[in-house]
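Visitor: Let me see the structure of the following:
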Amino acid sequence: MKYTLKIKDSRVFRYVFRKGSYFKGKYVVVHTCLTKFYEQSENDMNFFAVCVSKKNGNSVQRNRLKRLAREIYRNEEKNLKKGHNYIIMYKKDIKGETINFKDIKEIQRSSWKWNEMK
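Guide: Okay, here's the model as predicted:
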């Protein structure tokens with residue numbers, strides 16, 4: 001991911017959940033907002049995180065969900081606006097073995113298009 005850094009700070013997570021907007025899909029919820037808490041030089045970067053609950057299956061299934069989300073983001077990164085925070089949260093009833101790559105891809109694309117329209 002060329003233009004993206006990981007979100008690691010809990011205060012950034014709280015800020016995105018409080019102040020940002022979100023899009024609910026069938027399998028995921030995508031939270032977005034403008035970047036804050038970082039220096040001005042990093043405004044041309046995006047920040048990205050994936051949250052998967054233990055209720056989504058064992059570690060193999062959870063890691064598969066995270067890999068899917070990161071791969072889709074990596075492919076779409078060049079089309080996204082710079083200076084945003086993106087947090088992808090999978091719904092609790094989704095298992096890594098039952099989900100399809102195409103379904104996740106369409107949901108994430110539609111959520112990012114929705115964010116671009118705002």
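
Visitor: which residues in this structure form strands?
Guide: If DSSP state E is used as the criterion, the strands of the chain fall at 4-6, 21-24, 28-34, 46-51, 84-90.

Visitor: Could you find the closest non-adjacent residue to residue 35?
Guide: residue 83 (4.9 Å; CB to CB, 6 or more residues apart in numbering). (Each C-beta comes from the backbone N, C-alpha and C, glycine too.)

Visitor: which residues does the one you found contact?
Guide: With contact taken as CB atoms under 8 Å, 6 or more residues apart in numbering, residue 83 is in contact with 34, 35, 43, 44, 45, 46.

Visitor: Distance-wise, check the residue nearest in space to the middle of the chain relative to residue 36.
Guide: Among the residues of the chain, the smallest C-alpha distance to the mean C-alpha position (CA atoms, centre = their mean) belongs to residue 88, namely 3.0 Å. Computed with CB to CB, to the nearest Å, the distance linking residue 88 and residue 36 is 19 Å.

Visitor: repeat for residue 77
Guide: Noted for residue 77: a distance of 20 Å to residue 36, by CB to CB.

Visitor: With residue 86 instead?
Guide: Distance from residue 86 to residue 36, by CB to CB: 14 Å.

Visitor: Counting neighbours around each, name which of the two comes out higher.
Guide: Applying other CB atoms under 10 Å to residue 86 and residue 36 shows that residue 86 carries more neighbours, namely 25 against 15.

Visitor: how near is the more buried one to residue 98?
Guide: The gap separating residue 86 from residue 98 is 24 Å, by CB to CB.

Visitor: Correct me if wrong: residue 107 contacts residue 25.
Guide: Yes. Here residue 107 lies in contact with residue 25, judged by CB atoms under 8 Å, at a distance of 3.6 Å.

Visitor: Of the two, give the one with the bigger neighbour count.
Guide: More neighbours sit around residue 107 than around the other of residue 107 and residue 25, counting by other CB under 10 Å; the figures are 20 against 17.
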